[in-house]
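> Sequence first, then the predicted structure, then my questions.
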Amino acid sequence: MADRKANTGSSSEGPTNNCDYTGGTESPKSPEDESSERPEAQYSQDLKSVLVTSVLNLEKLDVDLYRGTHHWVPRTQRLFGGQIVGQALVSAAESVSDNLFAHSLHCYFVRAGDPKVPVLYQVDRIRDGRSFTVRSVRAIQHGHPILICQASFHMQQPSPLQHQFTMPEVPQPEDLLTVEELIHLYLSKPDLAEKSKQGLNKLLANEVPIEIKPVHPPHFYRLAGAEPRKLFWVRARGYIGEGNMKLHCCVAAYVSDFAFLGTALLPYPNYKAEFSASLDHAMWFHSTFRSDEWMLYECESPWAGGSRGLVQGRLWRRDGVLAASCSQEGVLRVTPVTEPSKL
Ligand SMILES: CCC(=O)SCCNC(=O)CCNC(=O)[C@H](O)C(C)(C)COP(=O)(O)OP(=O)(O)OC[C@H]1O[C@@H](n2cnc3c(N)ncnc32)[C@H](O)[C@@H]1OP(=O)(O)O
């Protein structure tokens, strides 16, 4: 389980950058930044992240009313929860001033999203306070809410109270394979069942706008019974760049729902999810970060029962600073697996 040691940030080795939204919109200077920005060539072919150019680029229809379209739709043919949360946060953030940053959001997914039509986002300006500002967003399709979201924004306020857990020690992303590279590796296995091959090829055809490097690939693919915990490096595909912390939070909201709920299924290799969907999603943003640079997503599930599972996650900057925490409950209706996986 996670190293629960509290790091107060007071040692010369510890993180010191909590809630440091310097200059209003500046993103952090991580060690990667110091050694120059990630060279342009290292970004995926698309250069500018599709998350920024398309998914989180909402059309303004009226005051506090936006329309969002879809990029990647999961095989379930219901909209990806992370997309709806990310878009809801974009619409909420539009109505707050530039010196305010999301510090938390709480959402319920009340209906499945329909990939055939766009989503409308209606923002209610609940309160503008001196330090905190709260917005409520309804994501609407076919005249009904599919998501209700409350997001709270805070101005930067320094404090002597500052601690965090210590980031788990894991291999660096440069030493790990991407999901796509792992799939190619599995596909090259001569005894791979035809059904598995088809499944893997479908996965490869997915145009997910984020890149993932699992720390323990079997845990990511759920091949064996394991403790309900997984770790993977994750970043947005393409370039986003420094200077827009609001946007990085929205991208992180998108990213944070990916492969999250599956953590609760890890101890049960003999069951497959016949139906799984996130019921709610909460996030807390702690520090500045860049969502187009590798972050470690540490996911664990402290509980499952009654056809539901709870998952909790921490997004770490690679320099060890805790960027965000996440929590989600999902419905998990399972059936026994008849054939063991041949991956
Ligand atoms: C990566 C994770 C994700 O992104 S998931 C995407 C984001 N989350 C979502 O889309 C969830 C949106 N919310 C919902 O769809 C609903 O709130 C859910 C979770 C389904 C609530 O369920 P419920 O109140 O049961 O809705 P419903 O009556 O419309 O039923 C939906 C389907 O489930 C079935 N169901 C219901 N109860 C049971 C049960 N006890 N045992 C077995 N099946 C059950 C219903 O029959 C219905 O099925 P169908 O759609 O008619 O095939």
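That came through fine. Numbering: from 1, shown residues only.
> State the mean pLDDT of the helix or strand hosting L147.
L147 is part of strand 144-155 when elements are defined by DSSP states H and E. For strand 144-155, mean pLDDT rounds to 98.
> Report how many residues lie close to the residue in the stretch 101-250 of the chain that the ligand sits nearest to.
Closest residue of the stretch 101-250 of the chain to the ligand, C-beta to the nearest ligand atom: F109 (3.6 Å). C-beta: built from backbone N, CA, C; applies to glycine. Neighbour count for F109, taken as other C-beta atoms under 10 Å: 26.
> any idea of the pLDDT on it?
98.
> Show me what it is bridged to.
L147 (DSSP bridges).
> Test my guess that V321 contacts F285.
No: under the criterion of C-beta atoms under 8 Å, V321 makes no contact with F285, lying 11.9 Å away.
> from what I can see the residue of the stretch 101-250 of the chain closest to the ligand touches H281, true?
Yes: contact criterion C-beta under 8 Å: F109 and H281 qualify, at 7.3 Å.
> what sits in contact with each of the two?
G81 (C-beta atoms under 8 Å, 6 or more residues apart in numbering).
> Tabulate the CA atom coordinates of the strand or helix carrying R138 in PDB.
Per DSSP H and E, R138 falls inside strand 132-141. Taking Å, rounded to 0.1, in the frame of the first residue of the first chain, the C-alpha atoms of strand 132-141 are listed here in PDB:
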ATOM      1  CA  PHE A 132     -13.800  30.900  -2.600                       C
ATOM      2  CA  THR A 133     -16.200  30.800  -5.600                       C
ATOM      3  CA  VAL A 134     -18.600  28.000  -6.200                       C
ATOM      4  CA  ARG A 135     -20.300  26.900  -9.500                       C
ATOM      5  CA  SER A 136     -22.800  24.300 -10.200                       C
ATOM      6  CA  VAL A 137     -22.900  22.700 -13.700                       C
ATOM      7  CA  ARG A 138     -25.600  20.500 -15.300                       C
ATOM      8  CA  ALA A 139     -24.600  18.500 -18.300                       C
ATOM      9  CA  ILE A 140     -27.700  18.000 -20.400                       C
ATOM     10  CA  GLN A 141     -28.700  15.700 -23.200                       C
END
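> contacts for it?
With C-beta under 8 Å, 6+ apart, strand 132-141 has contacts from 84, 87-89, 91-92, 95-96, 100, 111, 113-114, 117-127, 145-154.
> now with 6 Å?
84, 88, 91-92, 96, 100, 114, 117, 119-124, 126-127, 145-154 (C-beta atoms under 6 Å, 6 or more residues apart in numbering).
> what's the answer for stretch 144-151, then?
84, 88-89, 92, 102, 105-111, 113, 135-139.
> List only buried entries from those residues.
84, 88-89, 92, 102, 105, 107-109, 113, 135-139 (16 or more other C-beta atoms under 10 Å).
> circling back: quick one: mean pLDDT over whatever helix or strand comes next after the strand holding L147.
With elements assigned by DSSP H and E, the helix or strand that comes after strand 144-155 is strand 164-165. With pLDDT averaged residue by residue, strand 164-165 scores 98.
> ok, then the element right after strand 164-165?
That would be, after strand 164-165 and using DSSP H and E, helix 179-187.
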